[in-house]
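1. can't give you the sequence, but here's the structure:
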């Protein structure tokens, strides 16, 4: 049975369209999947991407985004191409996730088409044309389908921020396709156009994610596997010298690019490894086990085996854990097979070598997290080329002997694709909400603290603080790659929950536990000072504020904290000097302006109080507390007209139930300076009665 490539060519677009529809179907439940994890610092809470115009300056500002506010990275390029697309998504759709998911899906479909076209072109090179003339189309289509439908790819597509990975793969594939087209071009002019396209694609790929920097080596691999006679190459000294020089140039370019993007390499590695629970040597020992895990997931991608977090023990020696040495042997053996089979089994060789080549950045020396599934998106592009070619060869072989066997194989392949699609659809259901995602992790990684902490955070935001408290407490007994940070996180959040519930002594004990673990953890010390204020232990609170300022005496938040305590200690003049300093440092800070207004109010300087509070109201026009403070100051100054004006503004902005609810909360609000609740309540009630009377007339 011959698979006629002419017939296949006629159905070229039909096959691709059907494949596109299939991919859309298996990702059709992702369009409203929630924001997750790194989506928040990179997109939702990243003001540099929240552009409000399409001007060149606005667009170019997105090239220098600094999601994690790393001062070492400030002003440096950071994945400008990927960030530009995310910024455009924000411009057109804001925080609505649908647009982001649509773009991510389109990129995945385009990658699938590009993979098909690239493989088909590679199978028609001079070395392979005769052998695969009739099968090129179906091999390419099956390879692309097996790759695109694999459930492991969901993390690169449904997880919005991983557009960086899928977009990088898009430009990487575009570069490979341009190179192959340039190699088969009929004229020098066409060849130049294709090679320029390859170069532009390379820079766009690196501008999407840095792991694509090795694309020139992939082009060299394509040249060796698909264009050169291996026997001649072994004797070609010129080729060997050219390869060595090219490799050296690529290495130098990589170092230069690294310095441009990350700064001093030594400083970068020292800083990043200092924050990791493993050393460089331990990471190198652990990653072969991770690569074996990735390969097992690619060939057995059951949804129950996929997770956003994996509980992987760090390898501390070749025999601890015992799987370390076998994993190293397996990786080395696969690479050896890839090198040895270049001539006799080029598809197998290329799939293996391309896979490990493109894991060199993220799975070797760089101080990244140990394992993430989206890292396989690019390396796995050609993993299924050899299996697909083998399956098509089997169908051909049995087609000449037994049509039933050929039909059984065809049905089996179809069922495999359907099962992969179902697996992808099922896996995407996990990504629907933060709760469903972290419940999934908690079930699969029961020994880890992190999923319980994430679940606790979700319950706490939903007002279920009793469940959150229980989960944070349970997390204290579980493992974490960063045990110290994990315990700090749990205790600090336990303290916050107790604080919110008014259990001040329990909150104090929790924050003190954090400071026992890390005396320099400023957030816990700040929280401890606040709860001490709420518990009316003002001298102890003042001690904590002074410790914070002794370490950072120009921090507006700490200055406001100490001033707040001094106001409560009836030392308003000292407090005002701190508030003024905070104002000079951050003149638009809401709390500073409120504190200055209250400070002058306490001293009886009502005009100055009014000035600062009006400035606050200009900057934060919908802030109820600021308007209540303006009303309070006007009443204390005996300026009823001003008070009525501010009352009218308040009632124009807020509905009566909202205002009444805000007033009811004031006596229980421990985090604000004392307020004349009774006087404000009376003024608001009088305004409501007056308004009702006027409307009744």
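-> Everything's here; your move. Remember, predicted model here, so these are calculated numbers, not experimental data.
2. from here on, contacts and neighbour counts on C-alpha atoms
-> OK.
3. ok, which stretches of this structure are strands?
-> With DSSP state E as the definition, the chain shows no strands.
4. show me the domain layout of it.
-> Taking automatic domain parsing as the domain assignment, the ranges for the chain are 5-35+95-426, 588-697.
5. least confident of those, on average?
-> The stretch with the lowest mean pLDDT among those is domain 588-697, which comes in at a mean of 84.
6. and stretch 575-586, what's buried?
-> Of the residues in stretch 575-586, those with enough neighbours to count as buried (16 or more other C-alpha atoms under 10 Å) are 575, 576, 578, 579, 580, 581, 582, 583.
7. about what we covered before: most tightly packed of the domains of the chain?
-> The densest packing among the domains of the chain, expressed as mean neighbour count by mean count of other C-alpha atoms under 10 Å, is seen in domain 5-35+95-426 with a mean of 18.
8. quick one, helices of the stretch 151-300 of the chain?
-> For the stretch 151-300 of the chain, the helices identified by DSSP state H, counting those that start in this stretch occupy 154-157, 163-183, 188-206, 215-222, 230-235, 237-262, 265-274, 280-299, in order along the chain.
9. and of those, who's closest to residue 653?
-> Using C-alpha to C-alpha as the measure, helix 163-183 is the one of the helices of the stretch 151-300 of the chain that comes nearest residue 653, at 40.2 Å.
10. tell me which other helices or strands that closest one touches.
-> Where contact means 3 or more C-alpha pairs under 8 Å, 6 or more residues apart in numbering; DSSP states H and E, helix 163-183 is packed against helix 80-93, helix 97-122, helix 154-157, helix 188-206, helix 215-222.
11. circling back to that earlier point, got TSV for the buried residues of stretch 575-586, with distance to residue 386 and pLDDT too?
-> As requested, those are exported to TSV (distance: C-alpha to C-alpha, whole Å; pLDDT from 0 to 100):
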residue	distance to residue 386	pLDDT
575	74	93
576	74	94
578	70	95
579	69	93
580	71	94
581	68	94
582	65	94
583	66	94
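12. nearest to residue 506 among these?
-> The nearest one, if we look at the buried residues of stretch 575-586 relative to residue 506 and count by C-alpha to C-alpha, is residue 575, at 28.9 Å.
13. so that closest one is in contact with residue 599, correct?
-> Yes. Under the criterion of C-alpha atoms under 8 Å, residue 575 lies in contact with residue 599, with a separation of 7.3 Å.
14. which neighbours do the two share?
-> residue 567 (C-alpha atoms under 8 Å, 6 or more residues apart in numbering).
15. and the lengthiest helix in the chain, what does it pack onto?
-> What stands out as the longest helix in the chain, according to DSSP state H, is helix 403-430. Under the contact criterion of 3+ C-alpha pairs under 8 Å, 6+ apart, the helices and strands touching helix 403-430 comprise helix 12-26, helix 136-148, helix 154-157, helix 385-399, helix 434-444.
16. just to revisit the earlier point, so which of the helices and strands packed on helix 163-183 gets nearest residue 269?
-> Counting by C-alpha to C-alpha, residue 269 lies closest to helix 188-206 out of the helices and strands packed on helix 163-183; the figure is 20.0 Å.
17. count of residues packed around residue 485?
-> Each residue near residue 485 was counted by other C-alpha atoms under 10 Å, and the total is 13.
18. quickly note the distance from it to residue 515.
-> 12 Å (C-alpha to C-alpha, to the nearest Å).
19. and residue 622, what does it touch?
-> residue 653.
20. can you put the helices and strands packed on helix 163-183 in CSV and add distance to residue 352?
-> Conversion of those to CSV gives the following (distance: least, C-alpha to C-alpha, whole Å):
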stretch, distance to residue 352
helix 80-93, 28
helix 97-122, 15
helix 154-157, 21
helix 188-206, 22
helix 215-222, 11
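21. surely residue 129 meets residue 121?
-> No. With contact defined as C-alpha under 8 Å, residue 129 does not reach residue 121; the gap is 9.6 Å.
22. can I assume residue 372 is in contact with residue 309?
-> Yes. Counting by C-alpha under 8 Å, residue 372 does reach residue 309; the two are 7.2 Å apart.
23. residue 162 touches residue 374, doesn't it?
-> Yes. Between residue 162 and residue 374 there is a contact under C-alpha under 8 Å: 7.3 Å.
24. overlap in contacts of the two?
-> Counting by C-alpha under 8 Å, 6+ apart, the shared contacts of residue 162 and residue 374 are 155, 156.
25. one step back: quick one: closest of the domains of the chain to residue 60.
-> Counting by C-alpha to C-alpha, residue 60 lies closest to domain 5-35+95-426 out of the domains of the chain; the figure is 13.0 Å.
26. quick one: the helices in the stretch 551-697 of the chain?
-> 556-568, 572-585, 590-603, 606-619, 624-636, 640-653, 656-665, 677-696.
27. give the other helices and strands that the third one contacts.
-> Helices and strands touching helix 590-603, as assessed by 3+ C-alpha pairs under 8 Å, 6+ apart, comprise helix 556-568, helix 572-585, helix 606-619, helix 624-636.
28. of all the helices and strands packed on helix 163-183, which one is nearest residue 686?
-> Comparing the helices and strands packed on helix 163-183 by C-alpha to C-alpha, helix 80-93 comes nearest, at 43.8 Å.
29. mean confidence score for the closest one?
-> Here helix 80-93 scores 95 as its mean pLDDT.
30. what's that helix in contact with?
-> Here helix 80-93 makes contact (C-alpha under 8 Å, 6+ apart) with 43, 49-53, 59, 62-65, 99-100, 163-164, 167-168, 204, 207-209.
31. let's see 6 Å
-> Residues external to helix 80-93 that are found in contact with it (C-alpha atoms under 6 Å, 6 or more residues apart in numbering): 49, 51, 62, 63, 164, 207, 208.
32. gap between the two ends of stretch 369-382?
-> End residues of stretch 369-382 are separated by 25 Å (C-alpha to C-alpha).
33. from the chain's centre, how far out does it sit?
-> Stretch 369-382 sits 15 Å away from the centroid of its parent chain (C-alpha atoms, centre = their mean, to the nearest Å).
34. can you name the residues in contact with that stretch?
-> Under the criterion C-alpha under 6 Å, 6+ apart, external residues in contact with stretch 369-382 comprise 155, 156, 169, 351, 355, 358.
35. quick one: closest of the helices and strands packed on helix 590-603 to residue 433.
-> Go through the helices and strands packed on helix 590-603 one by one with C-alpha to C-alpha and the one that ends up closest to residue 433 is helix 624-636, at 31.9 Å.
36. compute the inter-axis angle for that closest one and helix 606-619.
-> With axes from the mean of the first three to the mean of the last three C-alpha atoms, to 10 degrees as the criterion, the two stretches helix 624-636 and helix 606-619 enclose an angle of 160 degrees.
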